[in-house]
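Student: My questions are about this predicted structure, shown below with the sequence.
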Amino acid sequence: MLSTKRIEAARCRMLDFFKADPNYFDLIFVPNATAAIKLVAESLRDYSLRRSDESFWFGYHAAAHTSLVGARELAGSDSRCFTTDLEVYDWLGDPSMVSPHFDASRIGLFAYPAQSNMNGRRLPQDWPGELRRSTKPEHRNVYSMLDAAAYVATAPLDLSDQSNAPDFIALSFYKIFGFPDLGALIVRKEASHVLRERKYFGGGTVDMVINGITDAWHAKKQTSLHETLEDGTPAFHSIIALEPAVDVHRMLYGDMRNVSNHTSSLCQVLYDEMSRLQHYNGVSVCRIYKDPMSQYGEGKSQGPTIAFNVRNASEGWVRKSDLENLAIVNGIQLRTGGVCNPGGIAWALDLTPSEMQENYAEGLRCGNGIDELNGKPTGIVRISLGAMSNRKDVEILIHFLQLFVDRQQPSMEDSLCIKNLEKEQVANFSHGKATCASPHVLVTQLETRMQPSYAEDLTELRCPVARWFASFDHKGSYDVVGMTTRALHDV
């Protein structure tokens, strides 16, 4: 069939994109990276239960996405969360120190993200190779899985050295190309046998099925791994769209190394400029949650992502929902909240498990707008740069964040006016009705390796309460933007 040939051509094209030799790797098309992770976890569970009465052992890094953490519910009860890189290295060096009673014949899965989806920190990629070369009996039946979804958006995934590659790699193509909405599971063929024991079968994955009560039977396909695991009708429109997506991407950017260098350099500028923002009293505007193991501008350890919260001059937290709404009014897209990374959020906000449970008991739910509990933020603000980001975007972001800078201490009169500010102003703002321009001074030049070539194109940013302050004549003695920030925080 023509569609089958086109699908196989796309499969080979994507293996080549990641420098994965088809003699050593297979690629299974799935809806997204989460589906790839779930497929591996379900298959390992079934494979383990066929061998014993116990599900597989699961070890995962604390920086893992929620979808990776969720695999522990299909594993045995002794799953292990490695809270630091050092714990991983300890386990690789001497697993008996971490799991003293581990059964060496048991199937296991060690999983971690190539890049934290919270703050962009990139984790070591040599762990799968170290695990495979280990002579420890406890490592003999432990496989490795890499969640590469965040990483592949702005960095080259090179699988040319199959001996050091993870056994399973989960990723999403839309994060690279924007379209199509499709994911993949890349599998080292040496590890493929553990996926073939999956109990469920769908259309297209079996050669024969017999219905019945006592004589029910089926025969799975024994050819390629992808034929065994791609259930039902393939998403052939999306799969076929991958080839022109790769062509356009290469036409625009060359290869992923160019994207990596560009985004790393750009994000270093943004990080440096955000770090410089201060209130009139020296308090930093942005609390940036940078991992001490990473360095902006160095693509091996840090991706083009910044996680942060904004503080006012009194060191109180500016509500992340207010910041997000103001960003939307000004055409800036940010991600706020827990960003599906429970371990990263706990580390960044210094939240203990008991504090997180208390927050849940007090009503905190995913996306419900509770921004602060017990003096701590409940989530973060995340900025992510990509292949299409440019210097103007960085200037606009810094221009926007300057809305939250308190440049001068307000008088007692102004403080009282702010506290009496009608909540209607913020209500209108949150529905996108604000129209008044901020009197904030335009950014004309960033201090870090950047030319001021875009300042004349910057549009005045809008602030929902600026028109209230416009009715007062302060004769230029007060900065409306700084007072606006406090108003957003206090009302």
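Tutor: All right, it came through fine.
Student: can we go C-alpha only for contacts and neighbour counts from here?
Tutor: Fine.
Student: which element is E54 on?
Tutor: Per DSSP states H and E, E54 falls between elements, in no helix or strand.
Student: so it touches G76, yeah?
Tutor: Yes: in this structure, E54 is within contact of G76 by Cα atoms under 8 Å, at 6.7 Å.
Student: F308 touches V381, doesn't it?
Tutor: Yes: counting by Cα under 8 Å, V381 is a contact partner of F308 at 5.3 Å.
Student: got the phi/psi numbers for L146?
Tutor: phi -110, psi 120 (degrees, to the nearest 10).
Student: What sits closest to it if chain neighbours are left out?
Tutor: Nearest residue to L146, sequence neighbours excluded (Cα to Cα, 6 or more residues apart in numbering): I169, at 4.8 Å.
Student: Over to I288?
Tutor: Using Cα to Cα, 6+ apart and skipping residues adjacent in sequence, the residue nearest I288 is F308, 4.2 Å away.
Student: so the one you found sits in a helix?
Tutor: No: counting by DSSP: H, G, I helix; E, B strand; the rest coil, F308 is not part of a helix but strand.
Student: what's the neighbour count on it?
Tutor: 23 (other Cα atoms under 10 Å).
Student: Let me see the contact set for it.
Tutor: Applying Cα atoms under 8 Å, 6 or more residues apart in numbering to F308 gives the contacts 286-289, 380-382.
Student: all helices of the stretch 1-150 of the chain, in order?
Tutor: Using DSSP state H, counting those that start in this stretch, the helices assigned to the stretch 1-150 of the chain run over residues 2-17, 33-51, 66-69, 85-93, 95-98, 127-133.
Student: Tabulate these in CSV, adding columns for mean neighbour count and mean pLDDT.
Tutor: Conversion of these to CSV gives the following (neighbours: other Cα atoms under 10 Å; pLDDT from 0 to 100):
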stretch, mean neighbour count, mean pLDDT
helix 2-17, 16, 93
helix 33-51, 21, 96
helix 66-69, 20, 98
helix 85-93, 16, 96
helix 95-98, 15, 81
helix 127-133, 19, 97
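Student: Quick check: which of the ones you listed is nearest to F236?
Tutor: helix 2-17 (6.7 Å; Cα to Cα).
Student: Counting by contacts, list what that closest one packs against.
Tutor: strand 25-30, helix 236-240, helix 242-253 (3 or more Cα pairs under 8 Å, 6 or more residues apart in numbering; DSSP states H and E).
Student: now, of those, which is deepest in the fold?
Tutor: strand 25-30 (a mean of 22; mean count of other Cα atoms under 10 Å).
Student: got a list of contacts for that one?
Tutor: 11, 15, 36, 182-189, 225-226, 229-230, 239.
Student: Run through the stretch 301-450 of the chain and note the low-pLDDT ranges.
Tutor: Where the stretch 301-450 of the chain drops to pLDDT under 70, the residues are 410-450.
Student: Helices of the stretch 201-350 of the chain, start to end?
Tutor: Under DSSP H, counting those that start in this stretch, the stretch 201-350 of the chain gives helices at 225-229, 236-240, 242-253, 256-276, 320-329, 342-348.
Student: Columns distance to Y296 on top of the ones you listed, output as TSV?
Tutor: Output for these, formatted as TSV (distance: least, Cα to Cα, whole Å):
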stretch	distance to Y296
helix 225-229	38
helix 236-240	35
helix 242-253	21
helix 256-276	5
helix 320-329	23
helix 342-348	17
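Student: of all the ones you listed, which lies closest to L397?
Tutor: Closest among these, using Cα to Cα: helix 256-276, at 8.2 Å.
Student: And that closest one, how far out from the chain middle?
Tutor: Remark: helix 256-276 is offset 17 Å from the chain centroid, using Cα atoms, centre = their mean, to the nearest Å.
Student: what comes up buried for it?
Tutor: Residues 256, 259-271, 273-274 are the ones in helix 256-276 that count as buried (16 or more other Cα atoms under 10 Å).
Student: That one to helix 2-17, inter-axis angle?
Tutor: 60 degrees (axes from the mean of the first three to the mean of the last three Cα atoms, to 10 degrees).
Student: Now do helix 256-276: which elements does it pack against?
Tutor: By 3+ Cα pairs under 8 Å, 6+ apart, helix 256-276 packs against strand 286-288, strand 305-310, helix 391-401.
Student: who does the last one touch, helix- and strand-wise?
Tutor: Using 3+ Cα pairs under 8 Å, 6+ apart, the elements in contact with helix 391-401 are helix 256-276.
Student: Could you list the residues in contact with the helix it packs on?
Tutor: Taking Cα under 8 Å, 6+ apart as the rule, helix 256-276 contacts 154-156, 253, 284-286, 288, 296-299, 302-306, 385-387, 389-391, 394, 398, 446-450.
Student: could you flag which of those are buried?
Tutor: Judged by 16+ other Cα under 10 Å, buried ones among those: 154-156, 284-286, 288, 296-297, 299, 302-306, 385-387, 391, 394, 398, 446.
Student: Which residues are in contact with M293?
Tutor: 121, 301.
Student: and it, how far is that from V381?
Tutor: Using Cα to Cα, to the nearest Å, M293 is found at 21 Å from V381.
Student: and what of V152?
Tutor: 22 Å.
Student: If you count surrounding residues, which of these two has more?
Tutor: Counted by other Cα under 10 Å, V152 and V381 do not tie: V381 has more neighbours, with 24 against 20.
Student: Now for that one: which residues touch it?
Tutor: Taking Cα under 8 Å, 6+ apart, one finds 307-309, 320, 334-337 in contact with V381.
Student: Recalculate using a threshold of 10 Å.
Tutor: Contact analysis of V381 by Cα atoms under 10 Å, 6 or more residues apart in numbering lists 118-119, 288-289, 306-310, 319-321, 323-324, 334-339.
Student: if we can go back for a sec, who wins for proximity to L373 among the helices and strands packed on helix 256-276?
Tutor: Checking the helices and strands packed on helix 256-276 against L373 by Cα to Cα gives strand 305-310 as the closest, at 14.4 Å.
Student: in its sheet, what does the closest one sit against?
Tutor: Paired strands of strand 305-310, with direction, are strand 286-288 (antiparallel), strand 380-384 (antiparallel) (DSSP bridges).
Student: now it against helix 391-401, angle please.
Tutor: Using the same axes, to 10 degrees, strand 305-310 lies at 20 degrees relative to helix 391-401.
Student: Quick check: end-to-end length of stretch 297-313?
Tutor: 29 Å.
Student: cool, and stretch 56-68?
Tutor: 15 Å.
Student: got the buried residues for that stretch?
Tutor: Neighbour-count burial for stretch 56-68 [16+ other Cα under 10 Å]: 56-65, 67-68.
Student: ok, now stretch 102-117?
Tutor: For stretch 102-117, by 16+ other Cα under 10 Å, it's 106-117.
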